[in-house]
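Colleague: My questions are about this predicted structure, shown below with the sequence.
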Amino acid sequence: MSNKKNSRRNFLQLGAFGAAALITSPSWMKATAGETIAKKADQNSIKLGIAGYSFVNFNLDQSLAMMKRMDVKYLCIKDFHLPFNSTAEEIAAFHKKLADSNVTGYAVGPIYMKTKEEIDKAFDYCKRVGVNLMIGIPEIKDLPYVAQKAKENNVKFGIHNHGPEDKIYPNATVIWNHIKDLDKNLGMCFDMGHNVRDGQDSIKDLVRYKDRIFDIHLKNVTAADAKGSTCELGRGIIDIPAFTRALLKIKYPGCCSIEFEKDMKDPLAGIAESVGYFRGVLSAV
């Protein structure tokens, strides 16, 4: 190719890149400083967190380092990071370590509880940790007792649904039918991915049960059945933009915590992709 043709080709390429830059530039979109600030503020309209189970193979320091890289500020605390028998000094040191990473531990759980004694221990743990939300999986027969404890301790208790493999709480509607006549401090941790895996519509259920949804485990899945598995937030079958619009419509006040159950020995790339996708959707909608 001659130098003349080379120069013409380079000019056209640069022109294309320049046009793309112009189209996406703030001046082309006529964005004012106020509009830019508003867009940044939109990122705070929903509190984005991480469900502690995503870090099951990592210690607290490693987990916080990943959260810091992603600039995610809320963590649902699992007992492998803060054991049930932690002392007051250990709990204080735990919270300091979170604060040093600009992270807030906003809830504990999920915690499985088979007896009233285990329920008592879980509420005592929640109180000592100093949070007002517990995620748990109690027995159906114990739900009135859990509701009573939640009211007495002024703690919100969210029952976690686990999809078709869960013979007790597979989806949000099953939970609702068990709790609708009990104290309003008893609600659900809505795992919208597992809900879809059980053949449910998570967008409709979010709106339907909004008053009793205290926490959300945010994920996408590969199929709307038992074969479906967790995938990056933008790659699955759930319409995440529609779900996000529903969150904004109902003015959901709690945390949306990404629970990433894929590549659990090396989850950072998948979680980071999901965080970035959700933030992009939040700005776009």
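Modeller: Received it, and whenever you're ready, just let me know what you need. Numbering: from 1, shown residues only.
Colleague: Would you mind measuring from the nearest residue to residue 51 once chain neighbours are set aside to residue 160?
Modeller: Spatial nearest neighbour of residue 51, chain neighbours left out: residue 259 (3.8 Å); criterion: Cβ to Cβ, 6 or more residues apart in numbering. Quick note: C-beta positions are derived from backbone N, CA and C, even for glycine. Per Cβ to Cβ, to the nearest Å, residue 259 is found 10 Å from residue 160.
Colleague: Overlap in contacts, these two.
Modeller: The contact sets of residue 259 and residue 160 overlap at 191, 217 (Cβ atoms under 8 Å, 6 or more residues apart in numbering).
Colleague: Surely residue 209 and residue 174 touch.
Modeller: No - under the criterion of Cβ atoms under 8 Å, residue 209 makes no contact with residue 174, lying 11.1 Å away.
Colleague: Tell me who's in contact with residue 198.
Modeller: Counting by Cβ under 8 Å, 6+ apart, residue 198 has contacts 161, 163, 164, 170, 171.
Colleague: can you list the weak-confidence ranges in the stretch 1-150 of the chain?
Modeller: 1-43 (pLDDT under 70).
Colleague: quick one: the strands in it?
Modeller: In the stretch 1-150 of the chain, strands defined by DSSP state E, counting those that start in this stretch lie at 47-51, 74-77, 104-113, 133-138, listed in chain order.
Colleague: how about the closest residue to residue 262 other than its chain neighbours, what does it touch?
Modeller: Nearest residue to residue 262, sequence neighbours excluded (Cβ to Cβ, 6+ apart): residue 230, at 4.7 Å. Residues in contact with residue 230 (Cβ under 8 Å, 6+ apart) are 193, 219, 220, 221, 259, 260, 261, 262.
Colleague: Looking at those residues, which are in strands?
Modeller: Members of these lying in strands (criterion: DSSP state E): 220, 221.
Colleague: now the strands for the stretch 151-285 of the chain?
Modeller: Using DSSP E, counting those that start in this stretch, strands in the stretch 151-285 of the chain cover 156-160, 186-191, 213-218, 220-221, 230-231, 255-258.
Colleague: so of the ones you listed, which one's packed in deepest?
Modeller: Mean neighbour count (mean count of other Cβ atoms under 10 Å) peaks for strand 186-191 among the strands of the stretch 151-285 of the chain, with a mean of 28.
Colleague: so that one versus strand 133-138, what angle?
Modeller: 90 degrees (axes from the mean of the first three to the mean of the last three Cα atoms, to 10 degrees).
Colleague: from the chain's centre, how far out does strand 186-191 sit?
Modeller: On the basis of Cα atoms, centre = their mean, to the nearest Å, strand 186-191 sits 12 Å off its chain's mean C-alpha point.
Colleague: circling back to that earlier point, what's the residue nearest to residue 51 in contact with, if anything?
Modeller: 50, 51, 53, 54, 191, 193, 217, 218, 219, 230.
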